[in-house]
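K.L.:
need a structure here:
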Amino acid sequence: MADDGPKIFVDEDWKTQVQREKEQVAQQEAAAPPAAEDHEPENPFLALVSSLAMQAMYALGLMAPKDQKEVYVDLDQAQFLIEALVTLRDKTKGNLTPEEQGALTETLAEAQRVYVMVAQHVQEAQLRGAASLEVPPRIV
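P.N.:
Prediction:
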């Protein structure tokens, strides 16, 4: 009567199947290219150069919030930021990768070019404003 009770069958095949599936997934993950979040972090030096350049462009009035009606130009702040880029270039000379050196040189040249252009426009606007405010001379 010992044989009349329920019989337990141990199916070892499912364990083998699961192990085989785990190995396939591991192989696929190893062979797959890295996910987007696994990319190399941004170069901190290039991020610094970009940040200084963006601040300079904002100070030069080239960038402004969408809802802002007037353009704000701060030539002193822009000059300070450009001088910071020049100092960065001078202090890192010989220690940059070609990519970093090229980005710094190009960014600095563009910032200087835009600064000169905006400074000329500001000066012209000031001269026009001063000329229109002048009181015509009286003839006595």
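K.L.:
make it CA atoms for all contacts and neighbour counts henceforth
P.N.:
Noted.
K.L.:
Do a quick rundown of the strands in this structure.
P.N.:
Ranges of strands within the chain: none, based on DSSP state E.
K.L.:
which helix of it spans the most residues?
P.N.:
In the chain, assigned by DSSP state H, the helix with the most residues is helix 98-133.
K.L.:
So which elements touch that one?
P.N.:
If you count contacts as 3 or more C-alpha pairs under 8 Å, 6 or more residues apart in numbering; DSSP states H and E, helix 98-133 packs onto helix 44-59, helix 75-91.
K.L.:
Give me the mean pLDDT for the last one.
P.N.:
Mean pLDDT, taken over the full extent of helix 75-91, equals 96.
K.L.:
try the first one
P.N.:
Helix 44-59 shows an average pLDDT of 94 in the prediction.
K.L.:
Return the distance of it from the chain's centre.
P.N.:
From the chain centre to the centre of helix 44-59 is a distance of 8 Å (C-alpha atoms, centre = their mean, to the nearest Å).
K.L.:
who does that helix touch, helix- and strand-wise?
P.N.:
Identification of packing neighbours for helix 44-59 by 3+ C-alpha pairs under 8 Å, 6+ apart yields helix 75-91, helix 98-133.
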